[in-house]
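In: Show me the folded form of this:
(one chain, ligands or ions: 1)
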Amino acid sequence: MKPFYITTPIYYVNDKAHIGHAYTSLACDMIARFKRLDGFDVKFLTGTDEHGQKIEKAAAAKNIEPQNFVDNVSKLFQDLSQTLNLTNDDFIRTTEPRHKQAVQHLWKQLVDSGNIYLGEYAGWYAVRDEAFYQEDEIIDGYAPTGAVVEWISEPSYFFKLSAWAEPLLEYYTKHPDAILPESRRNEVLRFIEGGLNDLSISRRTLKWGIPVPGDPDHVMYVWLDALTNYLAALGYPNDGYQKYWEQSIHMVGKDILRFHSVYWPAFLMAANVSLPKTVFAHGWWTVEGEKMSKSIGNTIDPVEMVNTYGSDALRYFLLRDLSFGQDGDFSKAMFINRLNTDLANTYGNLCQRVLSFIYKNVDATIPTPGEFTEEDKRMLNMPLEMLPNLRKAIDKFYLHRYVEAVWQIIGEGNRYVDAQKPWGLKNVDPSRMNTVLYVLCDLIRQIAILTQPILPVASSKILAMLSVEISDLSMLEVALKPGLIITEPQPLFAKYIQ
Ligand code: ME8
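Out: Numbering: from 1, shown residues only. Purely as a prediction, here's the structure:
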């Protein structure tokens, strides 16, 4: 089996998750689930980023020891996997020994290769972003992101980032898929072409971090610490990590692309580790037209959403509504509209009317078909014919297109029911009715396989009603067995009042 490695950012534990965090994890989950169905040996990683000044401050504000504080909040993120129905294979915490060992090893590689020197940092720092800013980036006393900055002046270890601008540009020219989408890649290239400054990678005035090997007065800069999680989870530096590493995809929001496409690859090159295959930076969610923020009080809690609407509903909306890579707006009206239209009226309706009819009118038995018409064959082959496009949509990160394509098949299914009117055939041509019902059942079975990466709960319900077990995409080619007894159809999707 071909290895495939996909990672979410590791989330800060200064606060609980909102739908922005859920979004990245869901996108990775959809890809991981599809790749598993498609026969890949998948490793899907998520986790929490637990060191640094931002976390130290958040713990102090609650008057809790940092370790207790991070244990509590990390647990909320771990529980979120279950809530969102994520299939992550691992969950890494930067306070774990396996992570600390990997980071300290990487640091030593950077020292041994002559990429670290001791100097004095004097400059601006934004705790919210855990980022350094140049004087010319400061706008009216704030970072370009709007974060509050403070002046820091202290001895610090530096990484010779300036030496890596040319090698990075050369690498990115040779590997056009290393940063996606292309517009983001261009932004990164322009930034590197502007020249890179050496990077401060340790702090002396902070205690909550991983100690610098050989100089425990310093703790490491939280981004050097955090980025290494992707390697630590594969057992780096022990042999064997390369198997997945060579096939790695980092999914991130556009806010942290620079850390992943400038700092991280420079650290890796300097430590003689190969670079991840692709860093994909997706877009940004606002809520009802506004930036999500605790002070505005408009953050949307994924746990509350799942409690009210179910995990499939949240997954569907987030994965369908936004063209993956673009920014988007979360509006309650749009959310409800999609649930009612796409889930209840389209997908739910197709399954409900076909399966209920079979349950009530043909002894709950999948009928034996007669000869197939050209139209029947077209319906039966549609999912398989669509498969190359679906694969491409996943591999190119056009996640919304995957969803659209599957809903196109569902739409065709509904049109076929309307045109063939199986209920009208019961008395006049029962044999044709049986063929139509068979075609529909087999189509629904195939659709349920394809919707599994998006709607795992509904897909398992449908497949269970048809008494079919899901294994992989080769099932698309194995026709449904006539004669199977279906279980009583259960409602799949609720309808909501606007
Ligand atoms: O940056 N829209 O963690 P973080 C879309 N610990 N995505 C959003 C979003 C929004 N409004 N808000 C958050 C960190 N995200 C670091 C990462 S990785 C080595 C260290 C998602 O908790 C998006 O993926 O601030 C973004 O990049 C990430 O959450 C930031 O999470």
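
In: Near the ligand, which residues of the stretch 151-300 of the chain? Just list them.
Out: Residues of the stretch 151-300 of the chain lying close to the ligand (C-beta under 6 Å from any ligand atom) are 226-227, 229, 252-253, 255-256, 284-285, 292. All C-beta spots, glycine's among them, are computed from the backbone N, C-alpha and C.

In: can you give me the strands for the stretch 201-350 of the chain?
Out: Here the stretch 201-350 of the chain has its strands, by DSSP state E, counting those that start in this stretch, at 202-203, 211-212, 215-220, 248-253, 278-282, 285-287, 290-291, 328-330.

In: looking at those, which is buried most?
Out: strand 202-203 (a mean of 26; mean count of other C-beta atoms under 10 Å).

In: quick one on the thing from earlier: please convert the strands of the stretch 201-350 of the chain to CSV, extending it with mean pLDDT.
Out: Output for these, formatted as CSV (pLDDT from 0 to 100):
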stretch, mean pLDDT
strand 202-203, 96
strand 211-212, 98
strand 215-220, 97
strand 248-253, 98
strand 278-282, 98
strand 285-287, 95
strand 290-291, 92
strand 328-330, 95
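
In: Which one of those strands lies nearest to residue 186?
Out: With C-beta to C-beta, the closest approach to residue 186 among the strands of the stretch 201-350 of the chain belongs to strand 278-282: 11.8 Å.

In: Given the closest one, what are its sheet partners and their directions?
Out: Applying DSSP bridges, strand 278-282 is found paired with strand 179-180 (parallel), strand 248-253 (parallel).

In: pLDDT averaged over the first one - what is it?
Out: So the one you mean is strand 179-180. Strand 179-180 comes out with an average pLDDT of 98.

In: Give me the contact list for that strand.
Out: Applying C-beta atoms under 8 Å, 6 or more residues apart in numbering, the external contacts of strand 179-180 come out as 172, 185, 188, 257, 261, 278-281, 325, 397.

In: Let's see that with 6 Å instead.
Out: With contact meaning C-beta atoms under 6 Å, 6 or more residues apart in numbering, strand 179-180 is reached by 185, 188, 261, 278-280.

In: again, but for the longest one
Out: Strand 248-253 is contacted from outside by 5-9, 24, 27-28, 260, 276-281, using C-beta under 6 Å, 6+ apart.

In: low-scoring stretches of the stretch 151-300 of the chain, by residue?
Out: Within the stretch 151-300 of the chain, no stretch has pLDDT under 70.

In: rerun that using 80 as the cut-off
Out: For the stretch 151-300 of the chain, the stretches with pLDDT under 80 are 294-296.

In: What's opposite the residue in it that the ligand sits nearest to in the beta bridge?
Out: Using C-beta to the nearest ligand atom, the closest approach of the stretch 151-300 of the chain to the ligand is made by residue 253 at 2.6 Å. Per DSSP bridges, the residues bridged to residue 253 are residue 282.

In: May I see the contacts of strand 179-180 arranged in a markdown table, with distance to residue 343 as well?
Out: Listed next are these as a markdown table, based on distance: C-beta to C-beta, whole Å:
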| residue | distance to residue 343 |
| --- | --- |
| 185 | 35 |
| 188 | 37 |
| 261 | 36 |
| 278 | 31 |
| 279 | 32 |
| 280 | 27 |
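
In: Where does the protein get nearest to the ligand, residue-wise?
Out: Here the residue of the chain nearest the ligand is residue 20; by C-beta to the nearest ligand atom that distance is 2.2 Å.
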